[in-house]
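J.: Just a sequence and a predicted model for now, questions to come.
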Amino acid sequence: MENCINTYTPADYKSDQAVRWCPGCGDHAILNTLHKAMATLGVAPHMTAVISGIGCSSRLPYYMNTYGFHTIHGRAAAIATGYKVANPEMTVWQISGDGDGLAIGGNHFIHAVRRNIDINIVLFNNKIYGLTKGQYSPTSDRGFVSKSSPYGTVEDPFIPAELVFGARGNFFARSIDVELATSQEVLVAAARHKGTSVVEILQNCVIFNNGIHNAITDREIRAERTILLRHGEKMLFGKNKEKGLVRDGFLLKAVTVGEDGYTMDDVLVHDAHTPSNFLHQQLAMMDGLGELPLALGVIRDVAAPTYDEGVSMQVEEVRAKKGFDTLRDMILAGDTWEVK
Amino acid sequence: MLENTNVKTLDKVVVRFSGDSGDGMQLAGNIFTNVSAGLGNQVSTFPDYPAEIRAPQGSLGGVSGFQVSVGTGVHTPGDSCDVLLAMNAAALKQNHRFLKPGGVIIVDIDSFRESDLKKANYSTDRPFEELGIKAQILEVPVTTLTKAALAESGLDNKSVLKCRNIFALGLVCWLFDRPLEAALHHLHGKFAKKPAVYEANAKVLQAGYDYGHNIHASVSTYRIETEDPKPGIYTDINGNTATAWGLIMASEKCGRPLFLGSYPITPATDILHELAKRKDLGVKACQMEDEIAGVCSAIGASFAGNLAVTSTSGPGLALKSEGIGLAVMAELPLVVIDVQRGGPSTGLPTKTEQTDLMQALYGRNGESPVAVVAPATPTDCFNMAFEACRIAVEHMTPVILLTDAFIGNGSQAWRIPEADEFPAINTPDVPAELLADGSWRPYMRRENLGRYWPQGGTEGATHRLGGLEKDAVSGAISNNPENHEKMVMLRREKIARIAQDIPELEIHGNADADTLLVGWGGTYGHLRSAVEELNAAGHAVALAHFRYINPLPANTFDVLRRYKRVIVAELNTGMFADYLQCRIPEKRIDRINKIQGQPFSTGELVERTLKLMED
């Protein structure tokens, strides 16, 4: 894929349908970066399938000039799995939200990740149910007030990354709807990763949850509250990249390089490819609200056998060993008798 | 055309207990014999002792057997057995040749370790393959489970191991529905002076019985026999295997790979097992995380261009409803197999019933018609699985195949068809000229109202499908009220037109009779036998048996009108009778119903038909 000549432009992936999300919705930016990421990848539109469940984000397939399927609530991961196994030549994307993917579709989500089917799951996380007009979601913080939790929720949220690691995921990346370059970079990386890739994009719902990510994403503070991780690079952040992440016993610590005796040598180098997910988890769990910044970029990207290849290879192996050309040949090789 | 078949409740069953001479096979066999005799069965036994008195344990020379035939009309212990119990690898090697086609083998899988195989002179580590066994094998960890049951008994290891035979006996008692009280009585007699040993054996007897219950172990005690078989090559087949093979035949005939998305459920799991084995024919069988993922992965595979199937039983069909609705809306081919069992809820998982008819026809939100077909016999499962695929692909619709536990597990001799006995399936690829001039639209329809079916990866055919209502031509989302009604009527008419593409209803028995007995699906064998019996006794009766449920064959109501008396016999409270009645309100429809988790018996059908004829 690295060598392929990009003969496609973002416009080649756009359908003629009018985009109907609310003005100012973060989904517009994600859609545009997805078109760009696909052009960068250069996979033909007719070799691409985009499959979604239900919710605002799940409208996305209508805006793609690819094979697309806007299915039923929560089931996109299962449908995408069948699609990829049946037609492994296709590049398969799944578009999902925090409600669709982690509540009603939670079971399919963890099992897709566990199986490591080669699909790219883009999880739009706005911590709210938008299409049904404002109920709390499984990623809403404890105490969150919504139409279905007028006195605040009394339950803790999922942290998508933690769920991915719990399901033994091998690719996790994060971006923010307004970070166009980062979104494009991680979407391309997700597609190039073989196996289930989960990209969480913090997305703003202007109508029902406006500003939910502001404490991290506000332009003024974003550089201090987030860190962009890249494999092989130092973990630096801050307006002038003056801060870095260092080891502090088993934990991580944010320091200012050159202060308190910390030098650049102390700052960790990101290794997204190491099989152990110990550090990846710590990085993914940083919330950007305290000392530690929220991690963006590709946090984990580890090669592992994929389900679709496993199925295809097993078919080939079995057929090579004792395959039959037709059903009749197979049956005749069993116990039979003749009636004359 | 349906073969002339006859259902026989096996009037006798032959069980062969085999193991090492120290395994207590004679005792287990004797107790089973005595319990059966106590139930009023005739019995005949054949103890088969080893020639060597002290052959080494686990060796071929040390195998001991006990064969018993129980039932009615029993004159001999039988030449071959329906169930073979093999407590170790040597016993299997010595005895597997006694198994009847379609029989079941139960092995203590704990006695198939490398050392056991060596002692029994196996040359590979795959004993079943090495012996060429194709029968159904129930691998039970008898030793492990016996030890676990007696973990707190205080008995030493040797004494514990001596109870393995009684665990196996418990399992056999479950399979043939023998009461444990009688077996306990015999054990008590045997171990009267050793209360601790009696207690231990009583415990493992129950444990073996419970194991059978817990894993839904079952053996069919029915056999459907084909009368006057046509010349050809035959094999023995049960309905679930026939279903799996029918799907493979359809895949060959439509040129699309076969995909199965499924989740284990009694009594449908054998379809998943068979298709998982058929990787040797290129089948992709995926065991998914739940029933919903089973149907959804199949829908994904269908959109990608595969012949897609999901298999389940009643409770699973309930879970798949929303997915089937999506396939109705997206107008994708999908075959949903429901091997019906007793309901509602978990119900009677191993027993047969026809109570999912209404669920299959109507169990979805909105106006969501699907085609429904129902095979009549185990071998007809092959034909109707093929038909379900043909209708699904050619008409671009979900099709529900309603089989049941009785024909799914029941076996029958089957003439292996030649490939040309089945028609080609006309896969609705988008015509090249429509792609070339760009005039193809996703919801363009063919004469039968089915859409075209482009495979993922086809250039020029990218399109978007979804669960939202579509514009009748472009397939774009549409909220237009008139368009919605038009689409509802189109989807309905598409299913109705399938009637032009299926055979007419046939009449069996005495076509000129005044009385018409009507059945559908898996009750055919019993109904056919009952009709033959009635006509032979001078009571003229005709039989109409439905395998196409929705749409009904085109001549259905002409046929019903020809008869003075119409009696619908089915294993539910009258679902098919109601379905017919509301379409032909002027006709009185009498009913014979049974909801006991059991098939009809020929005798009761004869009796109840005669009673209705007298009224």
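T.: Received the coordinates, thanks. Numbers count the residues shown, from 1 in each chain, chains lettered A, B, ... in the order given.
J.: my read: A:A190 touches A:I201, true?
T.: No: A:A190 lies out of contact with A:I201 (Cβ atoms under 8 Å); the separation is 10.8 Å. (Glycine included, C-beta is placed from N, CA and C.)
J.: higher neighbour count, the two?
T.: A:I201 (27 against 24; other Cβ atoms under 10 Å in any protein chain shown).
J.: and that one, which of the three is it?
T.: strand (DSSP: H, G, I helix; E, B strand; the rest coil).
J.: Quick check: bridge partners of it?
T.: A:F124, A:S175 (DSSP bridges).
J.: That one reaches A:Q184, doesn't it?
T.: No: contact status for A:I201 versus A:Q184: not in contact, 11.2 Å apart, counting by Cβ under 8 Å.
J.: Residues in contact with both of A:A190 and A:I201, list them for me.
T.: Between them, A:A190 and A:I201 share these contacting residues under Cβ atoms under 8 Å, 6 or more residues apart in numbering or on different chains: A:V122.
J.: what sits opposite A:T226 in the beta ladder?
T.: Going by DSSP bridges, A:T226 forms beta bridges with A:L294.
J.: burial of it, as a residue count?
T.: 25.
J.: which residues does it contact?
T.: A:176, A:216-217, A:237, A:288, A:293-296.
J.: Distance of A:K147 relative to A:G134?
T.: 5 Å (Cβ to Cβ, to the nearest Å).
J.: ditto for B:I507
T.: Applying Cβ to Cβ to B:I507 and A:G134 gives a distance of 62 Å.
J.: what do you get for B:T241?
T.: Separation of B:T241 from A:G134 (Cβ to Cβ): 53 Å.
J.: okay, the two: which has more neighbours?
T.: Legend: neighbour count by other Cβ under 10 Å for B:T241 and A:G134, higher for B:T241 (24 against 15).
J.: Name the residue of the stretch 1-150 of chain B that lies nearest to chain A.
T.: The nearest approach of the stretch 1-150 of chain B to chain A comes at B:K134, 5.4 Å away (Cβ to the nearest Cβ).
J.: Could you tell me how many residues sit around that residue?
T.: 15.
J.: That one reaches A:T336, doesn't it?
T.: No: between B:K134 and A:T336 there is no contact under Cβ under 8 Å: 10.4 Å.
J.: pLDDT score assigned to the residue nearest in space to the middle of chain B?
T.: Compute the mean C-alpha point of chain B, and by Cα atoms, centre = their mean the closest residue is B:G408, 1.7 Å away. With respect to pLDDT, B:G408 scores 93.
J.: same thing with A:F158?
T.: At A:F158, pLDDT is 98.
J.: a strand runs through it, doesn't it?
T.: No: looking at A:F158 with three-state DSSP, it is coil, so not inside a strand.
J.: what sits against A:D266?
T.: A:244, A:246, A:255, A:257.
J.: What's the ChimeraX syntax to select whichever of those residues are buried?
T.: Selecting the buried subset of the contacts of A:D266 in ChimeraX, with 16 or more other Cβ atoms under 10 Å in any protein chain shown as the burial test, is done by:
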select /A:244,246,255,257
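J.: now the contacts of A:D266 in a markdown table, with secondary structure and pLDDT?
T.: As requested, the contacts of A:D266 are exported to a markdown table (DSSP: H, G, I helix; E, B strand; the rest coil; pLDDT from 0 to 100):
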| residue | secondary structure | pLDDT |
| --- | --- | --- |
| A:G244 | strand | 98 |
| A:V246 | strand | 98 |
| A:V255 | strand | 98 |
| A:V257 | coil | 97 |
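J.: Make a markdown table from the contacts of A:D266 and add distance to chain B to it.
T.: Output for those, formatted as a markdown table (distance: Cβ to the nearest Cβ, whole Å):
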| residue | distance to chain B |
| --- | --- |
| A:G244 | 41 |
| A:V246 | 41 |
| A:V255 | 44 |
| A:V257 | 47 |
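J.: helices or strands up against the helix or strand B:V518 falls within?
T.: Taking DSSP states H and E as the criterion, B:V518 maps to strand B:515-520. Applying 3 or more Cβ pairs under 8 Å, 6 or more residues apart in numbering or on different chains; DSSP states H and E, one finds that strand B:515-520 contacts helix B:524-536, strand B:541-546, helix B:556-562, strand B:565-570, helix B:575-581, helix B:602-614.
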